[in-house]
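A.B. asks: What would the 3D arrangement of this be:
(4 chains)
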Number of protein chains: 4
Amino acid sequence: MADEPIRVTVWGEGRHEKRDANVAALYPEGMHETIAAGIAEYAARPVVVRCTTLDSVDQGLPPSLLESTDVLTWWGHMAHDEVSDDLVDRVQAAVLAGMGLVVLHSGHWSKIFKRLMGTSCALRWRNGDDRELVWTVDPTHPVAAGVPSPIVIDRQEMYGEFFDIPAPDELVFVSSFSGGEVFRSGCAWRRGRGRVFYFSPGDQDYPVYHHPDVRRVIANAAVYVAGGAARDVTPIAYAPVGWYA
Amino acid sequence: MADEPIRVTVWGEGRHEKRDANVAALYPEGMHETIAAGIAEYAARPVVVRCTTLDSVDQGLPPSLLESTDVLTWWGHMAHDEVSDDLVDRVQAAVLAGMGLVVLHSGHWSKIFKRLMGTSCALRWRNGDDRELVWTVDPTHPVAAGVPSPIVIDRQEMYGEFFDIPAPDELVFVSSFSGGEVFRSGCAWRRGRGRVFYFSPGDQDYPVYHHPDVRRVIANAAVYVAGGAARDVTPIAYAPVGWYA
Amino acid sequence: MADEPIRVTVWGEGRHEKRDANVAALYPEGMHETIAAGIAEYAARPVVVRCTTLDSVDQGLPPSLLESTDVLTWWGHMAHDEVSDDLVDRVQAAVLAGMGLVVLHSGHWSKIFKRLMGTSCALRWRNGDDRELVWTVDPTHPVAAGVPSPIVIDRQEMYGEFFDIPAPDELVFVSSFSGGEVFRSGCAWRRGRGRVFYFSPGDQDYPVYHHPDVRRVIANAAVYVAGGAARDVTPIAYAPVGWYA
Amino acid sequence: MADEPIRVTVWGEGRHEKRDANVAALYPEGMHETIAAGIAEYAARPVVVRCTTLDSVDQGLPPSLLESTDVLTWWGHMAHDEVSDDLVDRVQAAVLAGMGLVVLHSGHWSKIFKRLMGTSCALRWRNGDDRELVWTVDPTHPVAAGVPSPIVIDRQEMYGEFFDIPAPDELVFVSSFSGGEVFRSGCAWRRGRGRVFYFSPGDQDYPVYHHPDVRRVIANAAVYVAGGAARDVTPIAYAPVGWYA
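C.D. replies: Take a look at the predicted model:
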């Protein structure tokens, strides 16, 4: 099973690239294409990467695509509210059934992340050309493999605590910013049969998804959440009386 | 602040008592009244306990009551679907703002518990007169104070793994059943500023809420989730540029 | 790196087999050989498995062997006190530097496990022909891959709570016993750069290490703790003044 | 029980104050007296605070004192190696039996902390007049009650990741430093029946233990680890055959 390629789908909101010249300049083919190329470049296992966007059919995730996805990555920002509750229901069900999910940067505020966390997922922020340093606090974790500690990102939006998430099952990265803020920037949770990883570096206004270490972390995360879990659903199940008695 | 009484609201579905003669016989004043009396009897701090039910005004939780509640306990079973999404929204917001929540038994399948967990909260079950033994696996935890390990419950519904919840922040109790099943029967999580405790013993068809040890655990849990947290809301907050630089 | 075989060393105390006829009958070549064969049979990645025992040179773990070990499994029972503090120091250092460790059954009471846990590692027990059921509570965990829930072990020593260990980073299995006891039977922790997995099923008086599901779990655990972590040591490190400022 | 005062013993190494003029100037009565005064000033429950030092009888902790201690705080730096293994054994046993332990700053490198953690407890450091900001990442935690986020410490030694500790059961504070480093500066673990809290701010070369917020955190931590746990020991216990069967 480890030899079959992981089927990664990179979901992008795809709006800033159309509206904002500076974003289009940084990501001429769309942020999703840059993210996808990074995963293909750095994944430690074979992957097949597809891109899709909010403005495609079924908001980019028709059932057939979702069913053939082992790992979904999610970047959104200005159009979170446009994502339909039906799609959120379907993505949640897929995660609970074993699909991996990698949530990126402003995806912290997406409906699907809030759905899976149960919290507001609010945070402090500042778009002010901070330098971000991403420190590894769990050096055994596979998502941290092959990157320096710290990763140095010269220009980045600041995300700061308090970040209103459930305590991560695994805390992998903690960032600092020029302003002195800190942020739990790499966090893992399990939800049902699926794994969720949140990684905060990355923004439409900065070239962060071209950064080799950031690309490697996202690729590591995609492999990590793929896990190899079976895609079976856990129903409420009646147990026959006294079976083991 | 430790001297002010904790304002506990016991929310009961209140339907089985009206429909099922055996439930009415076990709980003539309603399950919620029995649960409330247990909290009042065993709480280690001063409490003021009020009861409310699904068939009351605003499904039992008008804004004024919710706002004056430090700890809410939740038991429901046959009418989960009738609870309005608006009420679920309001209870979730209260928890994230610092209200404690104790979810009891079949409340695992309530909308509010699923909302806060992000998972299906499914489990295996059997209504077959099992004996349940509730073992303490975290003897330092305040919810386990003053009860034996195991608590012996002579007749009870079986709830078994896999229980589809996020890994608890604190696992306090694990139960076994006559049939050989096990269940994580006492679990704590933090969500926003609030604490959530799930305790599984208790069912409408058995006199479990008259059991002194079960009553003590629920009272302990009510005190534990009260915590003393302030009820302030965490917004998305803009941070001025360079404040700490 | 995933293609290089994992170098597994199975350390066995090797005393019961010499002293007790019933143990020798169950494990004619020694328990360690049976454990080793199970790992070789079920490991999902290539492994090279070697056996060693307490009565060998350097108590079975000369520095050269330890240095060429990616994963160490440890079974001991009657001679824990004979293991030298020097060996415990060396094994601890190896774990902190990245070696994986799988501790089996009565190894809960070994010096090395107590050293890495910091607690007494005490538990309740009974040698009374219990049936053990091993339930999976984390179905996404790689150590649980490919085994049924529950694993049924017809005859086994009972280990029960309270088990005095730090709360596991990952709780994978919970067992019940005929007597009604429960036990956290599969637990993972990270220590330094290394991973530790404890799995309780297995005893010298029962044929548990011939059980296919038990063998698969131990093989899974060996692969899991191997992890792929680098074997570098983390020293106290002076940081130059203002390097990142 | 909540009304009985918590018996806190502040253990100080007490050497720098005798040797270094700058330390004596900052802490004329000894660092331990300043720490003790802060606990007495800010504790939310009644406390009785006593001080003791390495150069007192039985290295400051004769059995009678240890037995009458509910919470022990530990600060050491230059004389960790002088602490006898016998004392470490006795303190560990007390923690496992229910005594609370608060480890301060350079106490990360003490024998007792390493004993309870099982890891090297190494870290990165720099004595370079950094400003430390202590951010709260768990605002519901009682140790964070009543302090701002961040706590601003104008001059402090830098402690940075990777900090080689087991993943905390509860992560309460994360600090940043002028140099851009981050550090998990407030961490809780349970060990046996006892609780352990590590808080890093504080150093002999800076007036940190006079800082009101730091004093409040240490007082909060003392109350938190006191917990109310019983001081009974968990032995290896034989369970009679079939008691619950």
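
A.B. asks: which SS state does A:P139 fall under?
C.D. replies: At A:P139 the chain is in coil, as set by DSSP: H, G, I helix; E, B strand; the rest coil.

A.B. asks: what's the answer for the one 4 residues further on, then?
C.D. replies: At A:V143 the chain is in helix, as set by three-state DSSP.

A.B. asks: quick check, the lengthiest helix in chain A touching chain C?
C.D. replies: Of all segments of type helix in chain A, defined using DSSP state H, the longest is helix A:212-226. No: residues of helix A:212-226 contacting chain C under C-beta under 8 Å from any C-beta of the partner chain: none, with a closest distance of 9.7 Å. The way it works is simple: take the backbone N, C-alpha and C, and place the C-beta from them, glycine included.

A.B. asks: Give the buried residues for that helix.
C.D. replies: A:213-226 (16 or more other C-beta atoms under 10 Å in any protein chain shown).

A.B. asks: Which of these sits closest to chain C?
C.D. replies: Closest approach between the buried residues of helix A:212-226 and chain C, by C-beta to the nearest C-beta: A:V225, at 9.7 Å.

A.B. asks: any idea of the mean pLDDT in the longest strand along chain A?
C.D. replies: Secondary structure assigned by DSSP state E gives strand A:124-136 as the longest strand of chain A. Per-region confidence: strand A:124-136 scores 93 on mean pLDDT.

A.B. asks: Same check on stretch A:15-35?
C.D. replies: pLDDT averaged over stretch A:15-35 gives 96.

A.B. asks: ok, now stretch A:86-103?
C.D. replies: The pLDDT scores in stretch A:86-103 average 96.

A.B. asks: and if you look at stretch A:67-74?
C.D. replies: Mean predicted lDDT for stretch A:67-74 stands at 96.

A.B. asks: hmm, who's touching it?
C.D. replies: Applying C-beta atoms under 8 Å, 6 or more residues apart in numbering or on different chains, the contact partners of stretch A:67-74 are A:6-11, A:35, A:39, A:61, A:66, A:91, A:94, A:99-104, A:107, A:110, A:112-113, A:218, A:222, A:225-226.

A.B. asks: Quick check: which of these are also close to chain D?
C.D. replies: Of the contacts of stretch A:67-74, not one also sits near chain D (C-beta under 8 Å from any C-beta).

A.B. asks: C-terminal to the helix or strand containing A:E33, what's the next element?
C.D. replies: Using DSSP states H and E, A:E33 maps to helix A:31-42. In the C-terminal direction, the helix or strand that comes right after helix A:31-42 (DSSP H and E) is strand A:47-53.

A.B. asks: what's the average pLDDT for that following strand?
C.D. replies: 98.

A.B. asks: Measure how that strand sits relative to helix A:212-226, angle-wise.
C.D. replies: With axes from the mean of the first three to the mean of the last three C-alpha atoms, to 10 degrees applied, the angle from strand A:47-53 to helix A:212-226 works out at 100 degrees.

A.B. asks: what's strand A:47-53 packed up against?
C.D. replies: Counting contacts by 3 or more C-beta pairs under 8 Å, 6 or more residues apart in numbering or on different chains; DSSP states H and E, strand A:47-53 is packed against strand A:6-12, helix A:31-42, helix A:212-226.

A.B. asks: what do you get if the cut-off is 10 Å, keeping everything else the same?
C.D. replies: strand A:6-12, helix A:31-42, helix A:63-67, strand A:71-75, helix A:212-226 (3 or more C-beta pairs under 10 Å, 6 or more residues apart in numbering or on different chains; DSSP states H and E).

A.B. asks: still on that earlier bit, report the angle between the helix holding A:E33 and strand A:47-53.
C.D. replies: 180 degrees.

A.B. asks: Could you list the buried residues of helix A:31-42?
C.D. replies: So helix A:31-42, judged by 16+ other C-beta under 10 Å, has buried residues A:M31, A:H32, A:E33, A:T34, A:I35, A:A36, A:A37, A:G38, A:I39, A:A40, A:Y42.

A.B. asks: got it, and stretch A:48-64?
C.D. replies: A:V49, A:C51, A:T52, A:T53, A:L54, A:Q59, A:G60, A:L61.

A.B. asks: Please look at the first one and A:T34 and confirm they touch.
C.D. replies: No: with contact defined as C-beta atoms under 10 Å, A:V49 and A:T34 do not form a contacting pair (11.6 Å).

A.B. asks: Which neighbours do those two have in common?
C.D. replies: A:V10 (C-beta atoms under 10 Å, 6 or more residues apart in numbering or on different chains).

A.B. asks: isn't A:A44 right up against A:V217?
C.D. replies: No: contact criterion C-beta under 10 Å: A:A44 and A:V217 do not qualify, at 12.0 Å.

A.B. asks: tell me, what's touching the two both at once?
C.D. replies: In contact with both A:A44 and A:V217: A:A145, A:G146, using C-beta under 10 Å, 6+ apart.

A.B. asks: Let me see the contact set for A:A188.
C.D. replies: A:138, A:141, A:143, A:168-172, A:195-199, A:221, A:224-225.

A.B. asks: Tell me the one among the residues you listed nearest to chain B.
C.D. replies: A:D169 (5.6 Å).

A.B. asks: tell me, how many neighbours does the closest one end up with?
C.D. replies: By the criterion of other C-beta atoms under 10 Å in any protein chain shown, A:D169 has 19 neighbours.

A.B. asks: How about A:L123?
C.D. replies: Here the number of neighbours of A:L123 (other C-beta under 10 Å) works out to 24.

A.B. asks: And for A:R19?
C.D. replies: The number of residues packed near A:R19 is 10, by other C-beta under 10 Å.

A.B. asks: now do A:A25
C.D. replies: Burial measure for A:A25: 10 neighbouring residues, criterion other C-beta under 10 Å.
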